[in-house]
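Sequence and computational prediction follow.
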Amino acid sequence: MNDGSPVAGVIARMQQRLDELPDDLAHRRIFLSTYLRTTRAVGDAIDLARFEDPAWVEDWDVKFAELYLEAHDAALKPGARVSRPWRLAFDAPADIPALRHVLLGINAHVNYDLPQALLAVISDADFTDPYLMERRRRDHERIDGVLAQRVSAEDDELGGARSLLDQVLTPLNRLSSRRFLRESRQKVWHNTVELQHARKQGPHAYATRLAELELLSAAKIADLLRPGQVLLRLAVTGFGVTLPPPV
């Protein structure tokens, strides 16, 4: 990866946060470490020209990461406003399995943050250009390929001591992860379009719809913390959230 690229810059900022986390917040390193490795993989994919519009993907990826950094930093400041999905993720019990910490972070960052990041790099005028929007949608979906390549590696990173059942279920869990990541990304695109419609109507309409998305994403957390084989369950019930039609 080009050391002078915007993605490299945001990776450096993420690494700084990782290095500076106090020991009593060590559980927050789990998602941050995973996200750091994933961002490096996206940066490498940009350098390898795996996207139709690498410059756009780079801008989008940086704005996406900045939403996480803003939430991370705010959560360290007493009294600062943190969205409910992130607050619940950051305040989850430290001793839950590492996988659950990662899923809580993905929920907040993908289900809640990602539509906002997409809107930050797609103007209302862009939405009127079908050809351009199809290119944006394809690059959005190409991220799935990058994430799919990371599933096995991240599973190994989070593995730790495993029971025989865990070992038997690992291939199924990896397939489940790929499936629910793809499913949630499709719902993200739907939610992005819904938020864009609200943005055209004005700040109040947009804030109202964003608040709906915040509540839907926060409500997902109860399912993520339920006992059982969470990845297999998510493959069946879905990971993403869907904004309903406006009232």
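Yes, it's here. Numbering: from 1, shown residues only.

residue ranges of the helices in this protein, please?
6-20, 28-47, 54-75, 84-90, 98-106, 114-121, 124-127, 130-158, 164-201, 203-219, 221-225, 230-237 (DSSP state H).

rank those helices by pLDDT, which is bottom?
Ranked by mean pLDDT, the helices of the chain bottom out at helix 164-201, with a mean of 71.

Using JSON lines, please lay out the helices of the chain together with mean neighbour count.
All C-beta atoms are positioned from the backbone trio N, CA, C, and that covers glycine. JSON lines is the format used below for the helices of the chain (neighbours: other Cβ atoms under 10 Å):
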{"stretch": "helix 6-20", "mean neighbour count": "15"}
{"stretch": "helix 28-47", "mean neighbour count": "19"}
{"stretch": "helix 54-75", "mean neighbour count": "19"}
{"stretch": "helix 84-90", "mean neighbour count": "22"}
{"stretch": "helix 98-106", "mean neighbour count": "22"}
{"stretch": "helix 114-121", "mean neighbour count": "20"}
{"stretch": "helix 124-127", "mean neighbour count": "13"}
{"stretch": "helix 130-158", "mean neighbour count": "15"}
{"stretch": "helix 164-201", "mean neighbour count": "17"}
{"stretch": "helix 203-219", "mean neighbour count": "16"}
{"stretch": "helix 221-225", "mean neighbour count": "16"}
{"stretch": "helix 230-237", "mean neighbour count": "17"}
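
Just tell me which of those helices ends up closest to residue 243.
Set against residue 243 and scored by Cβ to Cβ, those come closest in helix 164-201, at 4.4 Å.

hmm, back to that, looking at the helices of the chain, which is nearest to residue 247?
Closest to residue 247 of the helices of the chain, according to Cβ to Cβ: helix 203-219, at 9.2 Å.

That closest one packs against which elements?
Under the contact definition 3 or more Cβ pairs under 8 Å, 6 or more residues apart in numbering; DSSP states H and E, helix 203-219 sits against helix 84-90, helix 164-201.
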